[in-house]
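# predicted model follows, preceded by the sequence.
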Amino acid sequence: MADSLLHLFRTRAGRFDSLLRPCLDDLYRLALRLTCNEHDAEDLVQDLAIRLYPRLDELEKVECLRPWLARVLHNLYIDSIRKSRRRPHGYVDHESDRHLAELHDQCAGPERCFELDGLQGELEASLSRLSEEHRYVVIMHDMEGYTLNELTGILDVPLGTLKSRLHRARRLLRDMLGTELSVEIERASV
Amino acid sequence: MMCDETVELLDEYIDGELSPDLRSRLAAHIAGCDSCRQELEALTRLRESLRNMRAKAPPAGFTEHVLRTARRHHMRRRAGVFAAGAAAAGLVIMLVAGLVRMMADDPPGPAVIQLVEMNVLEQRTISLAFNSPAEIDNVTFILDLPEGVELSGHPHTQELVWTDALSNGRNVLQLTLLGQKKMTGTLKASIEHAGRRREFSIPLQVREAGVSLLPDPDTMV
C-alpha cells in the first residue's frame, strides 16, 4: 500500500506513536535534568504523553515539535512543583527561592542522574545550587542545545532577560567551580 | 574595544550571536589580551563540560511503556464516547462481531450482517463494531473491496491493510463506501491477531441511480 494511503488510514495510536516516539529519549533526558530523579522523570514524561494523546490533531500541526514539547514538559514540571508546594510537608517554606532550594537538596545526587567524570561531578553539584531560573536556562541552552530564540517560547521569557540570566548563571558556575575549572583548562592545554 | 566590554560580550561570542563586525572586533581584542583570552577559555571549557554532561538514557522499555500507557489510558476513557459518537452519526448498518470466540479458539458464530445497498456515485457509511474481551495490541485489519466499490478518499484501491490496538469492549470502525458502478458483491473484513484470523463478509449491492432500492430477489435467502 502506498505511504500516503497508510498515513490516511493510520489510526490514532499509530499517528501518536510516530510523532512522539522519536522525541521520548530527549524528553526523558530533559525531565531527568529538571527533576534530578529518575522516577520523577519517568512520571513527568508519562504524564506528558497521557495529556497529549487527546490533543493529537493539535500535535500534528506543530511545526517544530521538539521545543514545543519541551515547553509543555517544562510547564508540567512547574505545575508539579507548585502542587508539591501546596502540600503540607514540614519542609515547605513560603519563600519560593528557599523552598525550591530545599526541593533541590532532595535531588537524587549527581551520580544518579548523569554520567560524570572529573570536573563534571563538581559542575553538577554547582548546578544544583543555582536558582531555578538560572538553572533552567543553563540546562536547556548549554546542556540540551535549545537556541535562545527557542527558549523565549519554552520559558516564556524575553530574549534580553534570557541572555542576562545565561550570563549570570555561567558567571556563578565559574565562581563556584573556581580552581577546578582552571586546573581543567591547564590540563587541556598541556 | 576595552576589556570590560569584551568580557560582557563573551557569552554572545561563544553562542555565535554577535554581528560579523562586532565578532571580528572582539576577536582582534582577544588576540592581543591575555586576560580576555583566559576568560574566553574558561567560558568555553565550562560550556563544553556542560554539553558533555550526558544525562542517563531512559530505562529499557521506557518508550514502549509510555506510549502503551498513554494509549490505554485514552482507550479506557474513549470507549463510551466512541460508541455514542457512532450512534449519533446515524449509522446505515452495524455489524457486531464477537472476538471472544476468536480469542478462545472456538468456531466463530454468525455475525449480524445485512445487505448494504447504494446507488452509483452514492456514498454510504457503514460501521463495523468489534467486541473485544480485552485490550489487544497489534491487531491487523484487512479490507477487501469488490470491483465497483471504493472507500471514499482511496480511489482504485481494493485492499487495505493496517495495524491497530483494540480496547476492551466495543470498537467501532467507520467506513464510507462509494458506489462506482452497478454490481453485486461482497466486502470482506478480516481481523488477525496472534496467528488467528476471523473474516466477515458484508454483501454489497450498487444500483443504477434512480432504480428503486427494493431487495433483489436473487440475493435474498
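Happy to help now that I have it. Numbers count the residues shown, from 1 in each chain, chains lettered A, B, ... in the order given.
# every contact and neighbour count from this point should use C-alpha atoms.
Will do.
# break down chain A into its helices, ranges please.
Secondary structure of chain A, counting by DSSP state H: helices at A:3-9, A:12-20, A:24-35, A:38-52, A:56-60, A:65-86, A:96-105, A:110-113, A:119-127, A:132-137, A:148-155, A:159-177, A:179-189.
# TSV for the ones you listed, including mean neighbour count and mean pLDDT?
Below are those laid out as TSV (neighbours: other C-alpha atoms under 10 Å in any protein chain shown; pLDDT from 0 to 100):
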stretch	mean neighbour count	mean pLDDT
helix A:3-9	12	38
helix A:12-20	17	83
helix A:24-35	23	92
helix A:38-52	19	94
helix A:56-60	13	85
helix A:65-86	16	87
helix A:96-105	15	42
helix A:110-113	18	44
helix A:119-127	19	79
helix A:132-137	19	92
helix A:148-155	18	91
helix A:159-177	17	91
helix A:179-189	13	56
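# using CSV, lay out the ones you listed together with distance to residue B:205.
Converted to CSV, the helices of chain A look like this (distance: least, C-alpha to C-alpha, whole Å):
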stretch, distance to residue B:205
helix A:3-9, 24
helix A:12-20, 31
helix A:24-35, 48
helix A:38-52, 42
helix A:56-60, 35
helix A:65-86, 46
helix A:96-105, 69
helix A:110-113, 64
helix A:119-127, 71
helix A:132-137, 64
helix A:148-155, 56
helix A:159-177, 65
helix A:179-189, 80
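# figure out which of those is closest to residue B:24.
helix A:159-177 (20.5 Å; C-alpha to C-alpha).
# so which of the helices of chain A is nearest residue B:190?
Taking the helices of chain A one by one with C-alpha to C-alpha, helix A:3-9 is closest: 15.5 Å.
# the helix or strand hosting residue B:187 pairs with which strands?
Here residue B:187 sits within strand B:183-193, counting by DSSP states H and E. Applying DSSP bridges, strand B:183-193 is found paired with strand B:136-144 (antiparallel), strand B:196-207 (antiparallel).
# worst average pLDDT in those?
Across those, strand B:136-144 has the smallest mean pLDDT, namely a mean of 79.
# what does that strand contact?
For strand B:136-144, the external contacting residues (C-alpha atoms under 8 Å, 6 or more residues apart in numbering or on different chains) are B:158-168, B:187-193.
# and what of stretch A:161-179?
A:122-123, A:126-127, A:130, A:133-135, A:137-138, A:148, A:151-152, A:181, B:11, B:42-43, B:46.
# what secondary structure does residue B:45 sit in?
Using DSSP: H, G, I helix; E, B strand; the rest coil, the structure places residue B:45 in helix.
# tell me, how many residues neighbour it?
18 (other C-alpha atoms under 10 Å in any protein chain shown).
# cool, the one 10 residues further on as well?
Other residues near residue B:55 come to 22 when the count uses other C-alpha under 10 Å.
# how far away is it from chain A?
With distances taken as C-alpha to the nearest C-alpha, to the nearest Å, residue B:55 is found 4 Å from chain A.
# beta partners of that residue?
residue A:114.
# enumerate the residues of chain B near chain A.
B:11, B:41-43, B:45-47, B:49-58, B:63, B:66-67, B:69-71, B:73-74, B:154, B:160-165 (C-alpha under 8 Å from any C-alpha of the partner chain).
# let me see the ranges of the strands in chain B.
B:54-55, B:94-98, B:116-119, B:123-132, B:136-144, B:149-151, B:159-166, B:169-179, B:183-193, B:196-207 (DSSP state E).
# pick out the shakiest of those strands, pLDDT-wise.
Of all these, strand B:94-98 has the smallest average pLDDT, which comes to a mean of 43.
# what count of nearby residues applies to residue A:64?
9.
# with residue B:151 instead?
Neighbours of residue B:151 (other C-alpha under 10 Å): 21.
# got the domain ranges for chain B?
B:3-52, B:62-219 (automatic domain parsing).
# let's have those domains in JSON lines, adding distance to residue A:21.
Compiled in JSON lines, the domains of chain B are given as follows (distance: least, C-alpha to C-alpha, whole Å):
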{"stretch": "domain B:3-52", "distance to residue A:21": "23"}
{"stretch": "domain B:62-219", "distance to residue A:21": "7"}
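# tell me which of those lies nearest to residue A:41.
Closest among the domains of chain B, using C-alpha to C-alpha: domain B:62-219, at 11.2 Å.
# separation between residue B:190 and residue B:142?
As judged by C-alpha to C-alpha, to the nearest Å, residue B:190 and residue B:142 stand 5 Å apart.
# what does residue B:164 give?
For residue B:164 relative to residue B:142 (C-alpha to C-alpha), the value is 11 Å.
# next: residue B:42.
For residue B:42, the distance to residue B:142 - C-alpha to C-alpha - is 62 Å.
# now swap in residue A:17 and tell me
Counting by C-alpha to C-alpha - residue A:17 and residue B:142 are separated by 21 Å.
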